[in-house]
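Peer 1: Based on what follows, work out the 3D shape:
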Amino acid sequence: MNALKLNKFHWHLTDDQGWRIESKLFPALCEKGAYRVEPDGSRHGGFYTQDEIREIVSYADDLGIEVIPEVDLPGHALAILAAYPHLACFPQDFCVPNSWGIFDDILCAGKDEVLDFLSQLLSEIAELFPSEYIHLGGDEAPKARWKACPNCQSRIRDLKLKNEEELQSWLFLKLAQGLAQQGKSVIGWDEILDGRIDKSLIVMVWRGDGKDAASKAAENSNSYILCPNQLCYFDWKASEDSPGAHGISTLANVYSLDPSSYSRPDLCLGAQANLWTEHIHNEAELEAMLLPRAFALAERLWNPNADYQGFLTRLNDLEGYLDTLS
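Peer 2: Next up, the predicted model:
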């Protein structure tokens, strides 16, 4: 990242399949939420201690890289519910899942204890990261439980909200207001545009080519970050016969990213590539997914007037330069 001047590291630290941050306030997050049982009966998991997180943040800072943590909520939160099931709309004995997917059980937005829990937890996490930004997810959060939950429906009525999407908007804003007191700005995936979004929130544009989401963000004067999955998801295949998941994003696709072609480019804070690792088994596979597409992303962001054919002629030199650093 340092060699390519990629200066922001978005660290996705929580998901349904595991909680990865040591919490002194809520130790069950690591005792229960950080581990899952695989189909063969083996136990898989782990977490970063607070000292390890500080070490990584310090190391990145020495390289000019800002680490931005993500705590995904209210969906992708089964690891939290496995540790603290009372935070669900309908508590039960939840397990950390060992499969990929989108799950109906999410954090309850109608219980004050959920707000108290998240406020304390996010405050603890925010202190570990000097970055002015914190990412709170907001993606892929089904609302089936909220629709059936008397607490959530009561909250919607009391606040005179239109629907469950506005309830998520309210939850995000409450958490953002608390984090603002610690000097943090909140980022969320572009699903946060589906409700009544506050102008203080930053939108991470990811679905499709990102044009619609960027346009909605611009209409509301929200700053945004580009990572459209059709171009910038490096877990996608680089070609028809290459390894990877879901769709295809070739080297040329990545190079076609043009922030100036999106609505209100003055609101665009930058762009990033996303590399989800549920289908990546080792570091060799990881590097194969990253390179050379990371070269294309870096050049498009730092040298937007360069052309693709010229980039291809420089690619060998870029790869050789990186080899000298490893």
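
Peer 1: So which residues make contact with stretch 223-231?
Peer 2: Stretch 223-231 is contacted from outside by 187, 190, 202-210, 213-214, 217-218, 232-233, 236, 246-247, 249, 253-254, 256-257, 259, 262, 267-274, using Cβ atoms under 8 Å, 6 or more residues apart in numbering. For the C-beta atoms, the positions are set from N, CA and C on the backbone; glycine is no exception.

Peer 1: Which ones among the residues you listed map onto strands?
Peer 2: Among those, DSSP state E puts 187, 202, 203, 204, 205, 236, 246, 247, 268, 269, 270, 271 in strands.

Peer 1: Show me where the chain has its strands.
Peer 2: For the chain, the strands defined by DSSP E cover 8-12, 14-15, 18-19, 35-37, 43-45, 66-73, 133-137, 185-189, 202-205, 224-226, 236-237, 245-248, 268-271.

Peer 1: Quick check: which of those is nearest to residue 101?
Peer 2: Among the strands of the chain, strand 14-15 comes nearest to residue 101, with 10.9 Å by Cβ to Cβ.

Peer 1: if we can go back for a sec, most neighbours per residue, which of the strands of the chain?
Peer 2: Ranked by mean neighbour count under mean count of other Cβ atoms under 10 Å, these are led by strand 224-226, which reaches a mean of 27.

Peer 1: What's the mean pLDDT across that one?
Peer 2: Strand 224-226 carries an average pLDDT of 98.

Peer 1: And stretch 19-33, by the same measure?
Peer 2: Mean predicted confidence for stretch 19-33 is 98.

Peer 1: for that stretch, which positions count as buried?
Peer 2: 19, 20, 21, 22, 23, 26, 29, 30, 32, 33 (16 or more other Cβ atoms under 10 Å).

Peer 1: and the residues you listed, which of them are in helices?
Peer 2: Residues of those located in helices (DSSP state H): 29, 30.

Peer 1: Looking at the buried residues of stretch 19-33, spot the one nearest residue 314.
Peer 2: Proximity to residue 314 was ranked across those by Cβ to Cβ; first place goes to residue 20, at 36.7 Å.

Peer 1: In this structure the closest one contacts residue 52, no?
Peer 2: No - between residue 20 and residue 52 there is no contact under Cβ atoms under 8 Å: 10.3 Å.

Peer 1: ok, back up a step: among the strands of the chain, which is nearest residue 95?
Peer 2: Comparing those by their distance to residue 95 (Cβ to Cβ), the top pick is strand 35-37, with 7.5 Å.
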